[in-house]
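A.B. asks: Need the 3D shape of this:
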Amino acid sequence: SAFFTEGHPCYNPDCWAPKEEVPGIYFQYCNMNYCLLGQMIERVSGQRFDQYMTEHLYGPMGLTCSFNVAEMPDDARQHIGTLYRKLNNAGECDPANGTWISQCDDFDKGYYPFVDYSDYVPGTNGSLFGPQGSLRVSVRELCQIMLMFLGGGSLGGAQILKPETVERMFTPAWTYDPQLKNGNNYNRMMNCYGMGPHIFFNIPMGDRIVKDQVLPFEGHTACAYGLLGGMLFDRKRGNGLIYIVAGTGSDPEQYPGVYSSFYGWEETLLTAGAEFADFSY
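C.D. replies: Residues are numbered from 1 along each chain as shown. Predicted structure coming up:
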C-alpha cells in the first residue's frame, strides 16, 4: 500500500491520473497497477504470486519461465540473458567512452539468488516478485504464450484461459480522444488499451508498426534496464511478431524512429519481421 499512499517515500505522484479522473475515461500509464493485481491474486488464492503463476498458467503450458529465478530449472536459469547498457562512470549513456555495464541478471559462474520466503505472508507485498516486469521468459516461450492468445486461450488441446477471459482482456477499456485529451498517450504510442493488452491504431509518427502497412495488432511492448521488446499479434488472422533487444550501446532517445514513436532499432526489427513473414493485408 506504500506506493499508493501520499506522503510515503515510495509514493510517486507522476504515476497517477489526476484525482478527479476515473478509470475507463482517463489514462495514465503506471505499471504498479500490476503489483496491486498481484497482491489481490495472493489474497484470494493464499499463494505466493510466483507460485500461483507457475501452477495455474506456465506449468499447464509446459513452460519453465518464472517470476522467481531460484525456482526455475537449472537449464532454464543457465540461459537467462543479462541486460546491459553502455554507461560512463557517472551512469550516463556514453557510446564513445562508456563500457557495457550489466543492469539485471548478471549471474556470475552459475550463482543464482535464493531468498528464503518461508516467513512471507501472501497478500502483504504485491511487488515482491515484480508482476509488472520481472518474468524471465525466452522468445520461444513467448511464442507459446502468443499462440495461446491466438487460440482463444487454448494451447495444445489444453484450455489455459477461458475464451471469454481472453476476449475481455482485448476489449478496449480506454481509447484516446484527441479533442478531450483524456489521458497521456505518450507521443501517440498508446492510443487504446484493453485489460492489459495494448491495441495498436497504426498512427503515423505514433503507434505505427511498419511504415507501409497497417497491421491490426494487439499485445504489449517492453522497455526496462536496457531491454527493448514486444509481442504483437493479430488474433483474427493468426499473425504475430516478437522481438527482444538485450541492450543498446547508445541512448535510445537519441535514435528515434522515422515513421513511428518506436525507437529506431525497434522499427528496423519490426519492418524486417514483417517482410520476412510476408503478411498479406
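
A.B. asks: Distance of the closest residue to residue 153 other than its chain neighbours relative to residue 193?
C.D. replies: Sequence neighbours aside, residue 161 is the residue nearest to residue 153 in space, at 3.5 Å (criterion: Cβ to Cβ, 6 or more residues apart in numbering). From N, CA and C alone the C-beta is placed, and that goes for glycine too. Distance, residue 161 to residue 193, using Cβ to Cβ, to the nearest Å: 18 Å.

A.B. asks: again, but for residue 125
C.D. replies: Residue 125 is 26 Å from residue 193, by Cβ to Cβ.

A.B. asks: Pick out whichever of the two has more residues nearby.
C.D. replies: residue 193 (20 against 16; other Cβ atoms under 10 Å).

A.B. asks: Tell me the backbone dihedrals of that one, please.
C.D. replies: phi -130, psi 140 (degrees, to the nearest 10).

A.B. asks: Looking at strand pairing, list the partners for it.
C.D. replies: For residue 193, the beta-bridge partners are residue 174, residue 198 (DSSP bridges).

A.B. asks: Spit out the contact partners of it.
C.D. replies: Neighbouring residues of residue 193 by Cβ atoms under 8 Å, 6 or more residues apart in numbering: 27, 172-174, 199.

A.B. asks: any idea of the pLDDT on it?
C.D. replies: What the model reports for residue 193 is a pLDDT of 95.

A.B. asks: From residue 45, how far off is it?
C.D. replies: Distance, residue 193 to residue 45, using Cβ to Cβ: 25 Å.

A.B. asks: now do residue 183
C.D. replies: Distance from residue 183 to residue 45, by Cβ to Cβ: 32 Å.

A.B. asks: okay, those two: which has more neighbours?
C.D. replies: Comparing residue 183 with residue 45 by other Cβ under 10 Å, the one with more neighbours is residue 183, at 20 against 15.

A.B. asks: Please, where are all the strands along this protein?
C.D. replies: Using DSSP state E, the strands found in the chain span residues 83-87, 99-104, 154-155, 158-159, 174-175, 192-193, 198-199, 218-224, 227-234, 239-245, 247-248.

A.B. asks: and those as TSV, adding distance to residue 132?
C.D. replies: TSV is the format used below for the strands of the chain (distance: least, Cβ to Cβ, whole Å):
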stretch	distance to residue 132
strand 83-87	16
strand 99-104	14
strand 154-155	24
strand 158-159	27
strand 174-175	18
strand 192-193	15
strand 198-199	14
strand 218-224	9
strand 227-234	13
strand 239-245	17
strand 247-248	20
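
A.B. asks: Any idea which of those strands gets closest to residue 36?
C.D. replies: Closest approach to residue 36 among the strands of the chain is made by strand 192-193 (16.1 Å; Cβ to Cβ).

A.B. asks: Run the chain-centre distance for that closest one.
C.D. replies: 14 Å (Cα atoms, centre = their mean, to the nearest Å).

A.B. asks: switch to numbering from 19
C.D. replies: Okay, using 19 as the starting number, the last item reads as strand 210-211.

A.B. asks: what's around the residue nearest to residue 171, how many residues?
C.D. replies: If we define neighbours as other Cβ under 10 Å, then residue 179 has 19 of them.

A.B. asks: Quick check, pLDDT for it.
C.D. replies: Predicted confidence (pLDDT) for residue 179: 97.

A.B. asks: Surely it and residue 166 touch.
C.D. replies: Yes. In this structure residue 179 lies within contact range of residue 166 using Cβ atoms under 8 Å: 7.2 Å.

A.B. asks: still on that earlier bit, neighbour-wise, give me the winner out of the contacts of residue 211.
C.D. replies: residue 45 (22 neighbours).

A.B. asks: Spatially nearest residue to that one (excluding sequence neighbours)?
C.D. replies: With sequence-adjacent residues excluded and distances taken as Cβ to Cβ, 6+ apart, residue 45 is closest to residue 201, at 3.2 Å.

A.B. asks: My guess is residue 112 contacts residue 106. True?
C.D. replies: Yes. Proximity of residue 112 to residue 106 meets the contact threshold set by Cβ under 8 Å, at 3.8 Å.

A.B. asks: Those two: which has the busier surroundings?
C.D. replies: Set side by side, residue 112 and residue 106 show more neighbours around residue 112, with 17 against 14, by other Cβ under 10 Å.
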